[in-house]
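J.: Mind looking at a prediction? Sequence and model below.
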Amino acid sequence: MHFGGDYYPEQWPEEVWPQDVSLMREAGVDLVRVGVFAWSRIQPQEGEFDFGWLDRVLDLLHEAGIGVVLATATASPPQWLTHRYPDVLPRTADGTILYPGSRQHYATTAPDYRRLAAALVTQIAQRNAQHPAVQLWNVNNEYACHVHYDYSDNAAAAFRVWLQKRYADVAALNEAWGTTFWSQIYSSFEEVLPPRTAPYSHNPSALLDFRRFSSDAALELFTAERDIIRAAGARHRVTTNFMGAFKPLDYWRWAAEVDVVSDDSYPDPRDPESFRASAFTQDLMRSLKPGQPWILMEQASDAVNWRANNAAKAPGQLAALSWQAVARGAEAVMFFQWRQSRAGSEKFHSAMLPHGGTGTRTWREVVALGRSLAGQPPRTPAPGRVAIVLDWENWWALDQPDHPVTFDYLQQIRTWYDALHRLGIRVDLIPAAADPQAYALVLAPALYLLDAPSAANLNAFVAGGGILVTTAFTDVVDEHDRFRDGGFGTQLRAVLGARVLGFTGIDPVDGRHVQTEAAGAGFTPQTFQEELEVETATVLARFDDGTPALLENRLGQGVSLHLATFTDAAGASSIVATALDLAGVVPAFADLPDGVEAIDGPDGTTLINHSGTAVVVPGRSHPLPPFAVVEPT
Ligand code: GLA
């Protein structure tokens with residue numbers, strides 16, 4: 001288990017470095033990420049490099065037995081670069097230039113940015129590939145964090161190249177995008193623009209492709225830098241830090257390119273449910289590269305600076321959240337950052353070593369955490385028996401204007417994840433294209449965009465004995481966001497045992513209710529009500545107007561449950577209970593108390609109380625103290 005954080009020695013006089021290193025040793029730090037925003041210090045002018053300070057830092061760290069995650073420094077271009085090459089600056093949809101003065105002010109597709117970033121990384125990699133302190137490489141930093149999309153002329157040119165590769169000729173693009181609608185027919189790729197601010201809604205198929213392109217364009221930057229590092233002879237793993245379930249980047253595609261997944265996690269210490277959000281993102285990180293540990297590259301030791309009201313972590317909360325990551329498969333627990341900055345936008349952001357120094361509670365908790373993690377082996381859980389489909393292309397397609405109802409896809413995923421999390425069941429996340437045969441139960445909420453191969457996998461999964469849970473607004477469009485002949489529900493009709501004839505939006509003011517056929521309370525439907533024509537399915541629950549709300553259908557050896565709406569937590573819990581029962585998955589816990597998490601790991605269950613009060617857990621003789629972590633015995 002590694003322990004450490006971002007180290008920015010360039011922000012401090014050199015006399016401070018030995019003190020840093022000795023305090024790092026006191027805290028049990030054995031890994032620091034160096035160089036993340038150091039471009040202007042490494043390269044003061046085009047063609048001029050200053051590596052002396054970095055050499056001295058790496059040597060100092062190495063002498064102290066502290067390893068380095070060497071960053072490529074390309075996340076914040078220097079002033080000289082944007083002054084000389086203003087064309088690298090990104091633009092928003094309305095043409096506004098995003099100027100320097102902050103960070104991430106580059107267009108992913110700008111040839112000058114790509115050329116100068118490559119030159120920088122070549123120097124860094126050639127100089128340090130064999131440095132004994134280096135353990136790992138971190139390319140750039142949080143790609144697309146601030147600039148989700150770029151609409152510049154550079155982006156336009158690169159988008160055209162990407163489209164040409166995808167469609168080969170413009171007639172295929174016109175067909176895929178349905179451009180006869182509103183007179184949008186293109187006669188050449190040259191006419192295509194990024195979806196810049198327009199009078200009204202953009203073509204949804206074009207928007208979807210622009211999102212695919214934008215994720216791919218950033219990924220090209222990553223792979224280019226990674227390949228330079230490898231070409232320089234570095235044998236270490238290469239990563240870039242992800243941001244949980246981050247909409248603009250398709251991390252399934254990215255995960256295939258990184259050697260190890262790493263993630264930045266900032267749950268709001270004030271939100272009593274935020275530990276569930278971090279559990280979810282950690283399960284996603286674990287699922288991105290199944291069977292491999294992942295790295296918690298950044299977390300805060302205490303408060304952040306970027307919320308409207310930044311709560312400090314409660315005593316013990318730092319350890320609870322760090323052990324959560326360990327129990328969910330992290331091989332390193334790292335922080336942003338080692339020493340709190342004296343100047344700049346993040347001077348209020350907490351650090352391992354706060355402005356208040358070693359007399360602070362934060363420091364004491366950091367030191368205690370470092371000691372407790374020392375020598376711990378990473379836990380790498382085997383794949384679970386339950387999976388939820390989280391698919392970026394589907395997310396992007398859902399996130400379009402002009403749908404029957406606007407809703408949050410991630411929230412739908414979380415409704416089902418949370419119901420399973422409350423039972424202590426380990427959940428893997430999978431993309432729609434995954435073959436889910438290894439799972440007993442798969443949930444695919446709001447899988448609106450369903451291409452034919454993914455649909456074939458789901459059909460085969462159920463026919464082969466799997467249990468599948470689907471909801472309204474599933475199997476609606478193809479990969480171009482177009483309806484197929486026959487409308488919706490065409491790919492999963494046999495699985496559902498029903499035809500989907502249409503849907504209406506529903507709202508809480510409609511006061512709708514779903515009643516189960518068996519005695520029971522029922523639940524509140526949300527967002528959609530589908531009109532179904534039942535073919536082979538059995539109706540398990542009905543809307544209060546008598547129409548089917550929940551179907552069970554046998555196909556081959558398996559069973560599907562289809563919910564013709566969305567649901568609240570109560571509905572999700574009851575449907576999950578039915579599905580687990582059908583799948584033969586027995587939860588170790590009946591509904592865990594609020595604030596308590598049970599993490600099913602290779603050596604047993606870790607229990608964490610994420611709340612500031614003692615909690616009684618059924619089956620345990622003593623209450624769990626506030627923020628207690630109980631490891632498997
Ligand atoms: C992100 C960035 C860091 C820092 C932190 C602050 O994770 O990668 O550079 O800005 O946020 O929380």
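T.: Looks like it came in fine.

J.: can you tell me which residues contact the residue nearest the centre of the chain?
T.: When CA atoms, centre = their mean is applied to the chain, the residue found nearest the centroid is Ala245 (2.2 Å). Taking CB atoms under 8 Å, 6 or more residues apart in numbering, we find Ala245 in contact with 251, 280-281, 284, 390, 410, 413. Bear in mind the C-beta positions are built from the backbone N, C-alpha and C, glycine included.

J.: Can you tell me which of those end up in helices?
T.: Of the contacts of Ala245, the ones assigned to helices by DSSP state H are 251, 280-281, 284, 410, 413.

J.: of all those residues, which comes closest to Leu373?
T.: Nearest to Leu373 among the ones in helices among the contacts of Ala245 is Thr281, at 19.9 Å by CB to CB.

J.: Just the pLDDT for the closest residue to the closest one other than its chain neighbours.
T.: Distances taken as CB to CB, 6 or more residues apart in numbering place Gly244 nearest to Thr281, at 3.6 Å, with adjacent residues excluded. With respect to pLDDT, Gly244 has a value of 98.

J.: Can you give me every residue that contacts Gly244?
T.: Counting by CB under 8 Å, 6+ apart, Gly244 touches 263-265, 277, 280-281, 284-285.

J.: at 10 Å instead, please
T.: Residues near Gly244 by CB atoms under 10 Å, 6 or more residues apart in numbering: 251, 263-267, 277-278, 280-282, 284-285, 410.

J.: what's the farthest-apart pair in the residues you listed?
T.: Going by CB to CB, the pair spanning those furthest: Tyr251 and Pro267, at 18.6 Å.

J.: Look at the two and report which has more neighbours.
T.: Using other CB atoms under 10 Å as the criterion, Tyr251 and Pro267 rank with Tyr251 on top: 25 against 22.

J.: Does that one touch Leu284 like I think?
T.: Yes. Between Tyr251 and Leu284 there is a contact under CB atoms under 10 Å: 7.5 Å.

J.: Mutual contacts of these two, please.
T.: Contact criterion CB under 10 Å, 6+ apart; residues shared by Tyr251 and Leu284: 242, 244-245, 261, 263, 390, 429.

J.: Adding distance to Gly233 and secondary structure, write the residues you listed out as a markdown table.
T.: What follows is the shared contacts of Tyr251 and Leu284, written out as a markdown table (distance: CB to CB, whole Å; DSSP: H, G, I helix; E, B strand; the rest coil):
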| residue | distance to Gly233 | secondary structure |
| --- | --- | --- |
| Phe242 | 26 | strand |
| Gly244 | 33 | coil |
| Ala245 | 35 | coil |
| Val261 | 24 | coil |
| Asp263 | 28 | strand |
| Leu390 | 37 | coil |
| Leu429 | 35 | strand |
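
J.: quick one: which of these is nearest Ala325?
T.: Comparing the shared contacts of Tyr251 and Leu284 against Ala325 with CB to CB picks out Asp263 as the nearest, at 8.6 Å.

J.: gap between that closest one and Ala245?
T.: Using CB to CB, to the nearest Å, one gets 10 Å for the distance from Asp263 to Ala245.

J.: shared neighbours of those two, which are they?
T.: 251, 281, 284-285.

J.: are any of those buried, and which?
T.: Applying 16 or more other CB atoms under 10 Å to those, the neighbour count classes 251, 281, 284-285 as buried.

J.: Could you export stretch 64-77 as PDB, keeping only the C-alpha atoms?
T.: The C-alpha trace of stretch 64-77 is given here as PDB (Å, rounded to 0.1, in the frame of the first residue of the first chain):
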ATOM      1  CA  ALA A  64      14.900   9.400   1.600                       C
ATOM      2  CA  GLY A  65      13.400   6.300   0.100                       C
ATOM      3  CA  ILE A  66      10.400   8.100  -1.300                       C
ATOM      4  CA  GLY A  67       9.200   7.100  -4.800                       C
ATOM      5  CA  VAL A  68       7.800   9.400  -7.400                       C
ATOM      6  CA  VAL A  69       4.800   9.500  -9.700                       C
ATOM      7  CA  LEU A  70       6.400  11.700 -12.400                       C
ATOM      8  CA  ALA A  71       3.800  13.900 -14.100                       C
ATOM      9  CA  THR A  72       4.200  15.200 -17.600                       C
ATOM     10  CA  ALA A  73       3.200  18.800 -16.700                       C
ATOM     11  CA  THR A  74       1.100  19.300 -19.800                       C
ATOM     12  CA  ALA A  75      -2.100  20.400 -18.000                       C
ATOM     13  CA  SER A  76      -1.300  24.100 -17.800                       C
ATOM     14  CA  PRO A  77       0.600  25.600 -20.700                       C
END
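
J.: close to the ligand, is that stretch?
T.: No. Against the ligand, stretch 64-77 shows no contacts by CB under 6 Å from any ligand atom, the least distance being 8.0 Å.

J.: So what's the gap between that stretch and the chain middle?
T.: 22 Å (CA atoms, centre = their mean, to the nearest Å).

J.: Tell me the buried residues in the lengthiest helix in the chain?
T.: Secondary structure of the chain per DSSP H: the longest helix is helix 204-231. Residues of helix 204-231 classed as buried: 204-222, 225-226, 228-230 (neighbour count, 16+ other CB under 10 Å).
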